[in-house]
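*Asks:* have a look; sequence and predicted model below, questions after that.
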Amino acid sequence: MIARGSRSQRNTLVVCAVLMSASCAGRAHAAASDLPHIDAVRPDTVVARFGAVVEVVIGGRGFAPGSPGMNALEFAGSRINAVPSNATGTEIRFVIPETIPSTSEAPPRPLMGGTYIVRIVTGAGTSNGMPVTVVR
């Protein structure tokens, strides 16, 4: 803090510093609220026999609306790009995959039973993770 100057000048500096801090905090809060957020995955447990098509609905907010999709979905160690959302950016429908792509030249591996975390990625950032249990 600057010790020189009148009391009025020092008070003005303090007020300006407080206002700048509040402004920065407001922007940080706004940025955090723009992140996608998953409220629920329905159903959160699925019986997915090989060859069956099983869909889950991811509900939340802050998803990039529309089709073709501007969302990415992270699930079971893989990332699916161009995932569409409804027009309000609150719902994504996702089919549980039979296989998960390999990270090397190996063929895809079957998705085994277990609990997996699903996340949505948009231009604003990455959502919280929610569990989905797959029973084979």
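*Replies:* Sure, I can see it.
*Asks:* within the helices and strands, which one has P84?
*Replies:* strand 78-85 (DSSP states H and E).
*Asks:* can you show me the strands along the chain?
*Replies:* Taking DSSP state E as the criterion, the chain contains strands spanning 37-42, 45-47, 55-61, 66-75, 78-85, 91-95, 99-100, 109-110, 114-122, 125-126, 130-135.
*Asks:* just to revisit the earlier point, what pairs with the strand holding P84, and is each one parallel or antiparallel?
*Replies:* Under the criterion DSSP bridges, strand 78-85 sits next to strand 66-75 (antiparallel) in its sheet.
*Asks:* for the partner strand, give me every contacting residue.
*Replies:* Applying C-beta atoms under 8 Å, 6 or more residues apart in numbering, the external contacts of strand 66-75 come out as 36, 58, 63-64, 79-85, 87, 92, 94, 97, 116-123, 126, 132. Backbone N, C-alpha and C define where each C-beta goes, glycine included.
*Asks:* in the sheet, who's paired with the closest residue to N81 other than its chain neighbours?
*Replies:* Excluding the flanking residues, the one nearest N81 by C-beta to C-beta, 6 or more residues apart in numbering is A72, at 4.9 Å. Counting by DSSP bridges, A72 forms beta bridges with V121.
*Asks:* next, count neighbours for A72.
*Replies:* 16 (other C-beta atoms under 10 Å).
*Asks:* residues contacting the residue lying closest to G51 once chain neighbours are set aside?
*Replies:* Among residues not flanking G51 along the chain, E98 sits closest, at 7.4 Å (C-beta to C-beta, 6+ apart). Residues near E98 by C-beta under 8 Å, 6+ apart: F50, G51, P110, L111.
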